[in-house]
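A.B. asks: structural data only, the sequence is not supplied:
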């Protein structure tokens, strides 16, 4: 949390001089000493940002730098400027200004400021100006206080009396008006008193003070509304010790209800009270408790309390309305109850359990895939299954799950997946690679791994390795780890569909699995791509969701597309991004200059760290005026000045990036293509070159060739499927 408070104090503390003049026999109606102090400062929020708008601020004067009760306080509504700076006149909320006796002792005074909603800020000492120091000397005679001198008694002779001697003191002023005993007097005029709104009964320490009442019932009895401009604190009743904590003073709420049995009014008293918890531990705490008392009884705990994290707690037997009071076991469940903690269990005579052996007495149908880590027996020993049920095949004619199998055919199908190439053996869950030829590229080794189900890492479902190409001859290509081709249909099927596994919800730090992870090779002099996509009838890549790129993006054009706001259901709206030969950031805004024709534009703290080489553009709106940059960007702000006041100005600032990434990866505006890519184009059709001159034919020749062959095959199959059947086919 950052807190900043910059004080600028101009304090004309002439109170000693003012009192010296009032006590003098010579007065002047024009010599009036102000009883106000001009004070200025800066207000910020808890994050160090300047506060703007109207802010309630309480000012305190103290005798000491720390501790003690304030000698004087005052709350004013302050209007800071855009930088948080403000200026006020202390004492302006009262007609008499600041009390003069605060400064009569000649001691230092400390000023503290408390913005609304914040803690009281550190105190600063008020300082005198030179003439105020001289005014302080007016209360002395030759540097000595008046008490060091004894006035000579006047000579009271008949001659002097008859002569009307001027040496006698003037008679005191006569105070008129009237008051009532117990009321604090109020000067209703210069020499007239009356009753104020404050009344006192009794004497200290049992005195009772009433405001707007002459019959106070407590130490302070206020009739009317109150406004507290600051924190209303109910302190602890004492300081905690290792033996016991101390509760707060309670806040009491009293209602009066009439009892028909006693025919009297009965008080209903509720207390909110902060109470200590976990006293004398490493983690002391407290709760806010509700207490209740009937009539004259002392309020006691209700059991309702609020913890330091805002969690409510109740006494035993207390519930919210609608609380569940019973749980009944339904179909296929056992257990339940109406009191205490209840437990529900599966009825194992009706519901099978996955971790135990189950016996099914009725026919079972499985519409999905059944996967087993082991299978006991072979087809011939399956209970209640005969050869007819297996299509009339003998046990040796089909694959047995618990045994090694030999496949004699040249093509085997597993769940509509075609494995091409002769399979020489099927040993320990692995298909060995077949022989490679011109018409049969062969297979890499294929492994099948089943997860053990333990707490260790799960095994891979299928692991494939592409066959190695001949590295001694140019232009040979290694075999593909996986080659997949989507099936045709009214809607073509995807070649590969991946769905990442869900992370474990049990533990902090678990991560969901990715739909796919791809990393390009890095052994040769030419770069390998993590993912290479070639557009078919659609996009080369299509992402439904946000895309995160941790490095550069290269594109011929970077557009954004949204639904057209005027016809979102039927049209797109497309905009191109702004291009530049520099890594440039653009910032804009509008501001209106003040009565002096000046406006300050605040900027974020990171602005000058991220940007450099600033350029400015200003446009005046609504009137003819000149606008200039008064002060360039410094300390996260710049200033605009106009030739006339109150002018709206639209501003634009551009800056060149200077962060670490920009410095580490500077923009290369013009560069040579790699040797192997020269003669190829990103868009060959724009320069009259054939499609095979597209740059990816130089980077991935075998993949581009295979892609072209597959597209041609798909088109041929589509045309063939669209032809009407011949008579023989019918």
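C.D. replies: Yes, it's here. Source: prediction; values computed, not measured.
A.B. asks: gap between residue 112 and residue 71?
C.D. replies: 11 Å (Cβ to Cβ, to the nearest Å). For glycine as for every other residue, the C-beta is placed from the backbone atoms N, C-alpha and C.
A.B. asks: how about residue 36?
C.D. replies: In terms of Cβ to Cβ, residue 36 sits 17 Å off from residue 71.
A.B. asks: cool, residue 651 as well?
C.D. replies: 48 Å.
A.B. asks: which element is residue 297 on?
C.D. replies: Residue 297 belongs to no helix or strand when assigned by DSSP states H and E.
A.B. asks: just give me the neighbour total for it.
C.D. replies: Residues near residue 297, counting by other Cβ atoms under 10 Å, number 10.
A.B. asks: could you report the pLDDT at it?
C.D. replies: Note on residue 297: pLDDT of 92.
A.B. asks: list the contacts of residue 711.
C.D. replies: residue 536 (Cβ atoms under 8 Å, 6 or more residues apart in numbering).
A.B. asks: check residue 609 and give its pLDDT.
C.D. replies: 92.
A.B. asks: and it, its phi and psi?
C.D. replies: With angles defined as degrees, to the nearest 10, residue 609 sits at phi -80, psi -40.
A.B. asks: separation between the closest residue to it other than its chain neighbours and residue 67?
C.D. replies: The spatial neighbour of residue 609 that comes closest, neighbours along the chain excluded (Cβ to Cβ, 6 or more residues apart in numbering), is residue 659 at 7.4 Å. Look at residue 659 and residue 67: by Cβ to Cβ, they are 48 Å apart.
A.B. asks: then residue 259?
C.D. replies: Going from residue 259 to residue 67 by Cβ to Cβ gives 50 Å.
A.B. asks: which one's more surrounded, these two?
C.D. replies: Shown here are residue 259 and residue 67; by other Cβ under 10 Å, residue 259 has more neighbours (10 against 7).
A.B. asks: could you say which helix or strand contains the residue lying closest to that one once chain neighbours are set aside?
C.D. replies: Spatial nearest neighbour of residue 259, excluding adjacent residues (Cβ to Cβ, 6+ apart): residue 266 at 5.0 Å. In this assignment (DSSP H and E), residue 266 forms part of strand 264-277.
A.B. asks: so the helix or strand following that strand versus strand 264-277, what angle?
C.D. replies: Using DSSP H and E, the helix or strand that follows strand 264-277 in sequence is strand 285-294. If you take axes from the mean of the first three to the mean of the last three Cα atoms, to 10 degrees, strand 285-294 sits at 170 degrees to strand 264-277.
A.B. asks: just to revisit the earlier point, joint contacts of residue 112 and residue 71?
C.D. replies: Common neighbours of residue 112 and residue 71 (Cβ under 8 Å, 6+ apart) are residue 62.
A.B. asks: between these two, point out the one with more neighbours.
C.D. replies: Between residue 112 and residue 71, counted using other Cβ under 10 Å, residue 112 has the larger neighbour count: 18 against 15.
A.B. asks: so who does that one touch?
C.D. replies: 59-60, 62, 70, 120-124.
A.B. asks: partners of the host helix or strand of it in the sheet?
C.D. replies: Assigned by DSSP H and E, residue 112 belongs to strand 110-115. Strand 110-115 has the following strand partners under DSSP bridges: strand 55-62 (antiparallel), strand 124-125 (antiparallel).
A.B. asks: on that earlier part again, I'd like the mean pLDDT over the strand holding residue 266, please.
C.D. replies: 93.
A.B. asks: packing partners of it?
C.D. replies: Helices and strands touching strand 264-277, as assessed by 3 or more Cβ pairs under 8 Å, 6 or more residues apart in numbering; DSSP states H and E, comprise strand 251-259, strand 285-294.
A.B. asks: residues contacting that strand, please?
C.D. replies: Outside strand 264-277, the residues that reach it (Cβ under 8 Å, 6+ apart) are 234, 236, 240, 245-259, 284-296, 299, 305.
A.B. asks: doesn't residue 76 lie inside a helix?
C.D. replies: No. Secondary structure of residue 76 (DSSP: H, G, I helix; E, B strand; the rest coil): strand, not part of a helix.
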